[in-house]
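# this is a predicted model, with the sequence first.
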Amino acid sequence: MNGALGQAALLVGVVASAFGAAAGVAGARDPRIARLVPRFAGVAFAAAVAAFAVMERAMITRDFSLAYVQKVGSRATPALYNAAAVWSALEGSILLWVLVLAAYAFVVAWWVCPRLEPRLGAWAAAVMCIVSCFFFVLSWGPATPFAAGPPGVVDGPGPNPLLQNHVLVMFHPPMLYLGYVGMTVPFAFAIAALVTGSLDDGWLRATRRWSLLSWGWLTFGIALGGWWSYEVLGWSGVWAWDPVENASLLPWLTGTAYLHSAMVQERRGMLRVWNLSLLVATFSLTILGTFLTRSGVLNSVHAFSESDIGPWLLSAFAVIVVTSVGLIGWRGDALRRSDAIASPLTREGAFLANNLVFALFAFVVLLGTVFPLVVEVVRDRQIVVGEPFFDRLGVPLGLALLALMAIAPALPWRTTAPTTVRDRLFWPAWCAVAALALAVALGAHGLAPMLAFGLGGMAAGSAVRQLAASVRARGPLGLVGRTSGGMIVHLGIICIAVALAASNSFTRSQELDLVEGRPASFAGHTFTLRGFTTTTDDRATSVRALVSIDGGRAYAPAITKYTRVGMTVGTPSVRTGLARDVYLTLEPPVRQDSGRARIKVFVKPMILWLWIGTGVTVLGSLTALVPARRRHPVRDADASTPRDAAATAPSSVAGS
Amino acid sequence: MVVLSRRPAAWVAVVLAAAALLAVGSLRDGGPRTQQDRIEAITGRLACPTCAGESVRVSRAAAAESIRAEVARQVAAGTRSDDEIVGFVAARFGARVLLLPQSSGFDALAWVLPVVVAVLAVAGVVAAFVRWRTAPVAAVATRSRTPRRLATAAAVVLVASGTGLLVARQSGERLAGQSLTGGIEDSTASLLAQARASTFADPAAALALYAEVLALDPDQVEALTYRGWLVWLVARDAEDASLRDRAVAGVLADLERATVLDPAYPDAHCFLGIVRFRHAADAAGAKVALDDCATRNPPSEVRSFVDAIRIEVDAALDG
Amino acid sequence: MRIRALAATTALVVVGLLVVLALVEPPGDATGESPLLGAPAPAVESTTIDDADFSLERRKGSWVVLNFFNSTCVPCIAEHPALMAFAAREASRTDGAELYTIVNDDADDAVRDFFVRRGGDWPKVRDDDGTIAVAFGVARVPETWVIDPAGFVRLRVLGELGSGALEERLDELRAAWSS
């Protein structure tokens, strides 16, 4: 029953979104038909909600007639993890994608499009519906979670045990999808702009908040993934350049570049081809990333099994890229402007450099992820491209980005003004010196980390200077709005970058053989084994070693054996501190009666600042969403509207 | 504030201070590496063979645990460098466990392409700025500029590829993963295996190989035993009796020493029995040795020699 | 004009990428290659689960078959009858190959139970910290290795053994050895 209901709902979604797409295309010419689009989108959204609700119900009631529930459901899994099990494997995650996409399509069609120039709005809604339709078809057909499984099954293995021991599992995928899928919206508007030829900034302004919001979700989702990796996987790191991680990073890189580059188009109408290309790239990379991680060509710790959706996703990727590139090429001449960027030392110049660095970064990540496939096809050999490759190429690029963050907020628009720039960079430069001095005092060493600390200090100084100027001009309200929000985001990113530099370069680790009652010391801390505890339930048996750090409370790294699945999972225990984390894992084999335990100790500096930085970034993106005083009309008429009206406003002297 | 920033002295101070601190920080020593640090560095260069992408450092898979344990053992032994340990693992699992693309060959494209793209992109932006600067004079005849443009483009491509290759050489993995490197135990194993393979085809070569092994390790039981056996095979047909006796005395000494050094090694006892019986007609001594041989589960080749002679020995004892 | 050129280049690169992605097959098992083939076998010093010593070097003179095994791995269970048949055939020959199971990431008791239930009385060698697996480059079980009487590695079989497959390959190797 659940299966039939779910399939029916998905079919309704397919039809409704198909009609919505048709209505959108036809509605470009006829406004009456265009009014139907929100209704079709609404039906599709309702269908998606229904299908998802049916899936959740099937999972919660443990309806083992469905093959998907047989795969990831279990009577023994606690309720929270069981509900989250819906998106723990391929079919359910596509269903989640459908839900989020249908929601976005509905909101866009109903709320945003009517406020825009009619043809633009209609085409944008149409594109959203086309993409929705594709995913509905995927979820109804090749990746259906509602297929019936072999009869007579009364219990299942449950989701992967790694997904069962931390509550973050509930939040990481939905948040990531809100960001991932949200990038469809600016893409839809970009395509609409190309098709209708209204290439000025109407579509840009309409989607600015969407892009920022999606970016915020995506950033938060990626950071949550890092947190989960740290807390659960037991290797004490936050990022392993895993193909699935890379798949989420790629759209983030191009998306961040777009957010900056869009400002140049708003102010000066330039870099239009860049912006369109970045948006197309961002959306295509979400599709490509999904293909790479779900088609089985690349394995990863996320371990989605291979299925038939590979060819579908690959074809979709092909269609998207060829169509978009074709459209850009077709409209090529209309996109060019006779304007020029006067010098690299202007804000536009810095944003252009920014685009370059981010694009290069995305190229490196994509190349590294895809290169093993290329070698396999061309040379018939298996190779692996792992962390060291990405680190070696990524560090210089990251440092370049920090340098840009340090200098760009001081650069003026349009013209180069060396004296002004010099004045604005003076205190940030001293911040860099202070940061370097602090780093040296705390024992830092190595060129790359030192550069990271120095540039980070300077970039923080630049951001604070900008915020101070805003506050001086507008009072406390100076802290909200796009520029100030952006500066707060910069502060968060700097925090993360510096924390990454510190923890990657200065982690110390040691394996210790602890004897009960006898303290061992390492890196200025003492570790004493106090004993073991064992807990057993029908899901797993868990052995915990109680280790007290510096004579304080006991931390309990554990080894858990999930009896049904036959999988053994190590769980770390972490003492978080402002300056460093002390991270403990228990190493097999564990002999409880021997009174000995082998533990691995990692002393990781500044990990807490990764999460603090994430919080600041999210806060910054929220404050950036607050509408500023309207300086430009929302609906853009012609290219003749002078864009630099804002340049004459007094606050612009401060560089906002 | 504004006043200070206009003073060149203040800027000189800031730049000098930053440079000095940077230099101090970059050049100073990080302190000794613990063994665990070394292990982390080495396992960070190796891919777990069952996980398609995760490094051994990160992965919790069984194969990764075993490799980590082996790396830990070798680091603790301290006989091999980081490169050698990586080579050791790659020699057994294949080049697919190397996490860095090679520094030469097709794989080096992974290094070269990003550098080439970067240089080309920078060149493109520079060209754009030049164009923007000289836009007003764009009407100037372009024909004279074409060879210059071609030359510049060629230069850019050259610089790009050159830098790319440099980066590849610097950062790529240089180990081919093909050669088996090792310590003393590997070389003796190799010599012993070669000697065994050529025992019948080329006894002289085999003898030389065994002598080499014994030079490296005088107590190598297998070498002692099989050198003795080979000498016996050659000497038993010698016509000069005193020569034969001297040779066999040496053989017996070798075999007996082997049984003392490692009583559990079956082959020595078996050969001892055979030689005692065949040379000295010592049926009792032979029986003792052959019984020892049988209880120690000899390999089938030796057993085939022994089975034949046992019957004779038993017959001799009965008779 | 430049935009069209850039667009065309991009399209070309992407098409290239698509061709690669379309042609790629999901990674299957590697063929039975190894840098160890034709080289002397690595030293193996361990104990059996019955606490008897085992040293691979000492078995020179016999054909040795090593089967890497784990009692919960599905293909290992599936190939067990084939292994039993092989062991029986070799036992009937005077120059029969010696079969040893190398236990991979498993407890003695589980292994003992397995063989008690399904039969098989050849020695099972412990490999507690995976030294033997690493020495041979064994990442996944089951794997079967054949070593000739001189101590050189001659054959590597990845995955489940088909019935009669091992006998066939060993006969080929024996023929090559005697010639």
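Okay, I see it.
# mind listing what's buried along stretch A:66-81?
Of all the residues in stretch A:66-81, those buried under the rule 16 or more other Cβ atoms under 10 Å in any protein chain shown are A:66, A:67, A:68, A:69, A:70, A:71, A:72, A:73, A:74, A:76, A:77, A:81. C-beta here means a position set from N, CA and C on the backbone, and glycine is covered the same way.
# show me those that map onto helices.
A:67, A:68, A:69, A:70, A:71, A:72, A:81 (DSSP state H).
# where is the longest helix in chain A?
Per DSSP H, chain A has its longest helix at helix A:347-379.
# next: chain C.
In chain C, assigned by DSSP H, the helix with the most residues is helix C:2-23.
# for that one, packing partners?
Packing contacts for helix C:2-23, counted by 3 or more Cβ pairs under 8 Å, 6 or more residues apart in numbering or on different chains; DSSP states H and E, involve helix A:272-294, helix A:309-330, helix A:332-335, helix A:347-379.
# switch the cut-off to 10 Å
Contact analysis of helix C:2-23 by 3 or more Cβ pairs under 10 Å, 6 or more residues apart in numbering or on different chains; DSSP states H and E lists helix A:272-294, helix A:309-330, helix A:332-335, helix A:347-379, helix B:109-133 as its packing neighbours.
# could you give the mean pLDDT of that helix?
The average pLDDT within helix C:2-23 is 83.
# now stretch C:72-81
For stretch C:72-81, mean pLDDT rounds to 88.
# ok, and what's touching it?
Contacting residues not belonging to stretch C:72-81 are listed as A:566, C:67-71, C:83, C:86, C:101, C:104-106, C:110, C:114-115, C:118-120, C:140-144, C:157-163, C:165-166 [Cβ atoms under 10 Å, 6 or more residues apart in numbering or on different chains].
# give the buried residues for that stretch.
Neighbour-count burial for stretch C:72-81, counted by 16+ other Cβ under 10 Å, picks out C:73, C:75, C:76, C:77, C:79, C:80.
# tell me which residue of the stretch 1-150 of chain B lies closest to chain C.
Closest to chain C within the stretch 1-150 of chain B is residue B:66: 2.4 Å, counting by Cβ to the nearest Cβ.
# once you drop chain neighbours, what's closest to that residue?
Distances taken as Cβ to Cβ, 6 or more residues apart in numbering or on different chains put residue C:130 closest to residue B:66, at 2.4 Å, once the chain neighbours are dropped.
# show me the contacts for the one you found.
By Cβ under 10 Å, 6+ apart, residue C:130 lies in contact with B:62, B:63, B:64, B:65, B:66, B:67, B:68, B:69, B:70, C:104, C:105, C:138.
# now pLDDT, secondary structure and distance to residue B:274 too, for these, in CSV please.
Shown next, in CSV, are the contacts of residue C:130 (pLDDT from 0 to 100; DSSP: H, G, I helix; E, B strand; the rest coil; distance: Cβ to Cβ, whole Å):
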residue, pLDDT, secondary structure, distance to residue B:274
B:62, 79, helix, 46
B:63, 85, helix, 45
B:64, 88, helix, 49
B:65, 86, helix, 46
B:66, 88, helix, 42
B:67, 91, helix, 44
B:68, 90, helix, 47
B:69, 89, helix, 43
B:70, 90, helix, 40
C:104, 87, coil, 39
C:105, 83, coil, 43
C:138, 89, coil, 38
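# compare those and tell me which is most surrounded.
Counting neighbours by other Cβ atoms under 10 Å in any protein chain shown, residue B:67 comes out on top of the contacts of residue C:130 with 28 neighbours.
# and the gap between that one and chain A?
Distance, residue B:67 to chain A, by Cβ to the nearest Cβ, to the nearest Å: 14 Å.
# same question, residue B:276
From residue B:276 over to chain A the distance is 48 Å, taken as Cβ to the nearest Cβ.
# quickly find the element holding that residue.
For residue B:276, the host element (DSSP states H and E) is helix B:266-280.
# which strands and helices lie in contact with that helix?
Contacts defined by 3+ Cβ pairs under 10 Å, 6+ apart place helix B:266-280 against helix B:221-235, helix B:241-261, helix B:283-295, helix B:300-318.
# how about that helix: buried residues?
For helix B:266-280, the neighbour count (16+ other Cβ under 10 Å) marks B:266-277, B:279 as buried.
# ok but residue C:156 is inside a strand, no?
Yes - under DSSP: H, G, I helix; E, B strand; the rest coil, residue C:156 falls within a strand.
# quick check: bridge partners of it?
Taking DSSP bridges as the rule, residue C:156 bridges to residue C:145.
# from what I can see it touches residue C:144, true?
Yes - between residue C:156 and residue C:144 a contact is recorded at 7.6 Å, counting by Cβ atoms under 10 Å.
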